[in-house]
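Trainee: below are the sequence and a predicted model for it; my questions follow.
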Amino acid sequence: MNPTQSATTVIIANGRFPQHPTPLSLIECAAFIVCTDGAANDFIAGGGRPDAIVGDCDSISEENRERYAHLIHPRDDKESNDLTKSVRYCVEKGRNEIVIVGGTGKREDHTLGNISLLAEYMAVATVTMVTNYGIFTPIQTATTFKSFRGQQVSLFAIDAGEVTTFNLKFPLHGSILTNWWQGTLNESLGDSFTIEPSGRLLVFQTYD
């Protein structure tokens, strides 16, 4: 799935609402939009209408709770956050190609948590996170990415294991990334690059 071209299902999380044209266009063109309950307030205030609102319903306004009661799907699982509840809801509905927007940009602990959860979600869905600066894609097998010369690329290892790269400025050859900073600030050398991980890995690509 190339999220910069289309997205059938978009989840709007309760981070900073997107400002970049790429996530905004994905929202505009989405066939199905799920808001976490906190994100629903801003989306509705801006003229949007979600197809579903999912979460523990502790953040949605009372006005929206009443007005959109037919769209609200409460989940009282205290062991997961609203974003995870929303992903599970989509999967239950057979929507297995998901783009997440609004997952970053406010509290740093929420941002880090949401990004790391991509590694969990890929076990049940094809999922990416699109931000105001670029795209996070979780992988666990050899993957080739479309790119462009000079594109900034960062790798974040979730599992300790060897990583090999092809067509990046600073190549890795069976390297083990033990801290998140170690795979950051790389650069694509052409129109594609390939990553071969031995565990779960998050790949970040900047826009043009």
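Mentor: Now that the structure is in, tell me what you want to look at.

Trainee: can you list the domains in the protein?
Mentor: As given by automatic domain parsing, the domain ranges for the chain are 9-133, 140-206.

Trainee: avg pLDDT for the shortest one?
Mentor: Read it as domain 140-206. The average pLDDT for domain 140-206 rounds to 96.

Trainee: what's the answer for the longest one, then?
Mentor: For domain 9-133, mean pLDDT rounds to 92.

Trainee: returning to that earlier point: winner for burial among the domains of the chain?
Mentor: Using mean count of other CB atoms under 10 Å, the stretch among these with the largest mean neighbour count is domain 9-133, at a mean of 18. For the C-beta atoms, the positions are set from N, CA and C on the backbone; glycine is no exception.

Trainee: endpoints of that domain, how far apart?
Mentor: End-to-end span of domain 9-133 (CA to CA, to the nearest Å): 20 Å.

Trainee: could you pull up phi and psi at the most centrally placed residue in the chain?
Mentor: Taking CA atoms, centre = their mean, the centroid of the chain lies closest to residue 129, which sits 1.9 Å from it. The phi and psi values for residue 129, taken as degrees, to the nearest 10, are phi -120, psi 120.

Trainee: what's it in contact with, if anything?
Mentor: 99, 100, 101, 103, 104, 114, 115, 118, 135, 136 (CB atoms under 8 Å, 6 or more residues apart in numbering).

Trainee: span of stretch 179-187 from start to end?
Mentor: The first and final residues of stretch 179-187 sit 19 Å from each other (CA to CA).

Trainee: next one: the longest helix seen in the chain to chain centre, how far?
Mentor: Across the chain, the helix with the greatest residue count (assigned by DSSP state H) is helix 108-121. Relative to the centre of its chain, helix 108-121 is centred 8 Å away, using CA atoms, centre = their mean, to the nearest Å.
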